[in-house]
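[1] after the sequence you'll find the predicted model.
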Amino acid sequence: TTIGYYYATICTTIGYYYATICTTIGYYYAAISTTIGYYYTTICTTIPLIVLLLCHYIALNLQYEKK
């Protein structure tokens, strides 16, 4: 359970920072080209969501394995 908790925490933190960096870069791209900025932001927000979902799934599996 402890491993799962730490894993979920690390995962959420990484996902949060990744999304923040991505959004910031996305703003700069949007200033250059709206289309590039749009696609970049979409890809950027999708990747952390997938990562977070996988992370929580693994964390849940780790919790169940410990029991």
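    Thanks, I have the structure now.

[2] which positions in whichever helix in the chain runs longest come out as buried?
    Using DSSP state H to assign secondary structure, the helix with the most residues in the chain is helix 34-66. For helix 34-66, the neighbour count (16 or more other CB atoms under 10 Å) marks Gly37, Tyr40, Thr41, Cys44, Pro48, Val51, Leu52, Cys55, Ala59, Leu62, Gln63 as buried. All C-beta atoms are positioned from the backbone trio N, CA, C, and that covers glycine.

[3] in the residues you listed, find the pair that's most separated.
    Gly37 and Gln63 (39.0 Å; CB to CB).

[4] residue nearest the centroid of this protein?
    The residue lying closest to the centre of the chain (CA atoms, centre = their mean) is Pro48, at 2.3 Å.

[5] pLDDT score for Lys67?
    Lys67 carries a pLDDT score of 56 in this model.

[6] and Tyr28, by the same measure?
    At Tyr28, pLDDT is 80.

[7] check whether it sits in a helix, strand or coil.
    The three-state assignment at Tyr28 reads helix, by DSSP: H, G, I helix; E, B strand; the rest coil.

[8] chain center to the longest helix of the chain, what's the gap?
    4 Å (CA atoms, centre = their mean, to the nearest Å).

[9] what does stretch 17-26 give?
    10 Å.

[10] so where is this structure shaky, pLDDT-wise?
    1, 65-67 (pLDDT under 70).

[11] list the contacts of Val26.
    Slight slip there: residue 26 is Gly, not Val. Gly37, Tyr40, Thr41, Cys44 (CB atoms under 8 Å, 6 or more residues apart in numbering).
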